[in-house]
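**Student:** Need the 3D shape of this:
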Amino acid sequence: MGKHWKRTMRSLVYLETYLNLCGNRELRVENCMQILEYNDVLVRLRTRDMIVEVWGTELRVSDYNDSSVLVTGTISSVQLQEKR
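**Tutor:** Sure, this is the predicted structure:
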């Protein structure tokens, strides 16, 4: 019951992690708290409830403002790891 209540409250105040993928060239991650790792093949981002790993080539991070991050390049995979 506790986890369901927390999830409902987070969604009501827009604290959930939102991913918007446009083809394989652009990914916007909403509610990003920290860029953990960033190079041209891997971008690791920490959100409130998970770690988002973006793999690809020529990756760039831009438009980092108000907890939103835009990752561009050729994206080959996106992996989500739930934080414990």
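**Student:** only C-alpha atoms for contact and neighbour calcs from this point on.
**Tutor:** Fine.
**Student:** what stretches of this protein score poorly on pLDDT?
**Tutor:** Across the chain, residues meeting the criterion (pLDDT under 70) sit at 1-15, 84.
**Student:** Okay, strands next: where are they in it?
**Tutor:** With DSSP state E as the criterion, the chain has strands at 18-22, 26-30, 32-38, 42-47, 50-65, 68-82.
**Student:** Using CSV, please lay out those strands together with mean neighbour count.
**Tutor:** Shown next, in CSV, are the strands of the chain (neighbours: other C-alpha atoms under 10 Å):
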stretch, mean neighbour count
strand 18-22, 13
strand 26-30, 19
strand 32-38, 16
strand 42-47, 20
strand 50-65, 17
strand 68-82, 16
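**Student:** which residue is nearest the centroid of this structure?
**Tutor:** residue 29 (3.9 Å; C-alpha atoms, centre = their mean).
**Student:** which ones are touching the nearest residue to that one once chain neighbours are set aside?
**Tutor:** Nearest non-adjacent residue to residue 29, counting by C-alpha to C-alpha, 6 or more residues apart in numbering: residue 19, 4.8 Å away. Residue 19 sits next to 27-30 when contact means C-alpha atoms under 8 Å, 6 or more residues apart in numbering.
**Student:** With residue 41 instead?
**Tutor:** Residue 41 sits in contact with 55-59, where contact means C-alpha under 8 Å, 6+ apart.
**Student:** How many neighbouring residues does residue 83 have?
**Tutor:** Residue 83 sits with 10 neighbouring residues when counted by other C-alpha atoms under 10 Å.
**Student:** do you know how far it is from residue 39?
**Tutor:** Here the criterion is C-alpha to C-alpha, to the nearest Å. By it, residue 83 lies 22 Å from residue 39.
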